[in-house]
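1. With the sequence up front, the predicted model follows.
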Amino acid sequence: MIKFNRGAIADLHVHSVKSDGKFGARAMLRGIRDSGSIMKTLAIADHGTTEAYEENHELAQRYGITLIPAIEISTSDFKGAHLLGYGMTKRQKLNSYFKEINMQNLKKLVTIIDILEAEHGIYLPIEFIQEMTENGQLSRAKIAAELAKQGYAKSPEEARKKYVSPNAAKHTDTHKPTLKEGIKMITDAGGVAGLAHSWQLSRRGEGAEGALSYKELEALLQG
């Protein structure tokens, strides 16, 4: 059984297997129901999709749990700052956009696996590749974690730097919207935007030339 903090009434930032989580949405909802938790509100903020909400909000209702439509968006500003979106009521366009982007990015990530084989003689387990690609879960983080697990690096961080980052695997840059674009996507869909992992911004700096400043970001979020 999945264990939840029995004293928490809400969790507004969890992930399912639709992105980089370990459990499916149904399993999480059953875990809340069966663990005796007092939790009544959950937001499954998967990266680039609200599928967990679309597929499970009726089940959540039957369990007496409020499931909030949520999404996490990786952006190109501040060296990869993440946005959180909540309460989107017009989600079709948002999901269609990210479905197309995710397909394009998946091709780039598969290229990383090709580079590992051709340039480094590293062959990741076929079971891992099939599971990640079929479920749309493939990411740099998961490739790096698997490389560390297989002993090709001491840690996922080392694997990412040595093999997986855009600097290490040339021509595999994935598309990310800017913070301004991401906020507009969320608000156009009827939601509200906020920052995920905001504590990281101070060590990331203000990103590349032309990126938002801290003050511009604050104004956008308040607007």
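-> Now that the structure is in, tell me what you want to look at.
2. contacts, neighbours, all on C-alpha from now
-> Noted.
3. Find the residue at the geometric middle of the chain.
-> Centroid-nearest residue in the chain, with Cα atoms, centre = their mean: residue 47, separated by 2.9 Å.
4. Need the nearest residue in space to that residue, chain neighbours excluded.
-> Using Cα to Cα, 6 or more residues apart in numbering and skipping residues adjacent in sequence, the residue nearest residue 47 is residue 72, 4.6 Å away.
5. Confirm the one you found sits in a strand?
-> Yes. Checked against DSSP: H, G, I helix; E, B strand; the rest coil, residue 72 lies within a strand.
6. Enumerate the beta-bridge partners assigned to it.
-> residue 47, residue 84 (DSSP bridges).
7. show me where the chain has helices.
-> Ranges of helices in the chain, per DSSP state H, are 25-34, 51-62, 92-120, 126-134, 140-149, 156-159, 179-188, 201-204, 214-222.
8. could I get those helices as JSON lines with distance to residue 7, mean pLDDT and mean neighbour count?
-> Below are those laid out as JSON lines (distance: least, Cα to Cα, whole Å; pLDDT from 0 to 100; neighbours: other Cα atoms under 10 Å):
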{"stretch": "helix 25-34", "distance to residue 7": "11", "mean pLDDT": "92", "mean neighbour count": "18"}
{"stretch": "helix 51-62", "distance to residue 7": "19", "mean pLDDT": "96", "mean neighbour count": "16"}
{"stretch": "helix 92-120", "distance to residue 7": "33", "mean pLDDT": "91", "mean neighbour count": "16"}
{"stretch": "helix 126-134", "distance to residue 7": "34", "mean pLDDT": "86", "mean neighbour count": "12"}
{"stretch": "helix 140-149", "distance to residue 7": "31", "mean pLDDT": "93", "mean neighbour count": "19"}
{"stretch": "helix 156-159", "distance to residue 7": "32", "mean pLDDT": "95", "mean neighbour count": "19"}
{"stretch": "helix 179-188", "distance to residue 7": "31", "mean pLDDT": "93", "mean neighbour count": "20"}
{"stretch": "helix 201-204", "distance to residue 7": "30", "mean pLDDT": "52", "mean neighbour count": "13"}
{"stretch": "helix 214-222", "distance to residue 7": "30", "mean pLDDT": "64", "mean neighbour count": "12"}
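9. Go through those and name the closest to residue 85.
-> Of all those, helix 179-188 sits nearest to residue 85, with 5.8 Å by Cα to Cα.
10. Throw the helices of the chain into TSV and include distance to residue 9, thanks.
-> Shown next, in TSV, are the helices of the chain (distance: least, Cα to Cα, whole Å):
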stretch	distance to residue 9
helix 25-34	10
helix 51-62	15
helix 92-120	28
helix 126-134	32
helix 140-149	30
helix 156-159	33
helix 179-188	25
helix 201-204	28
helix 214-222	26
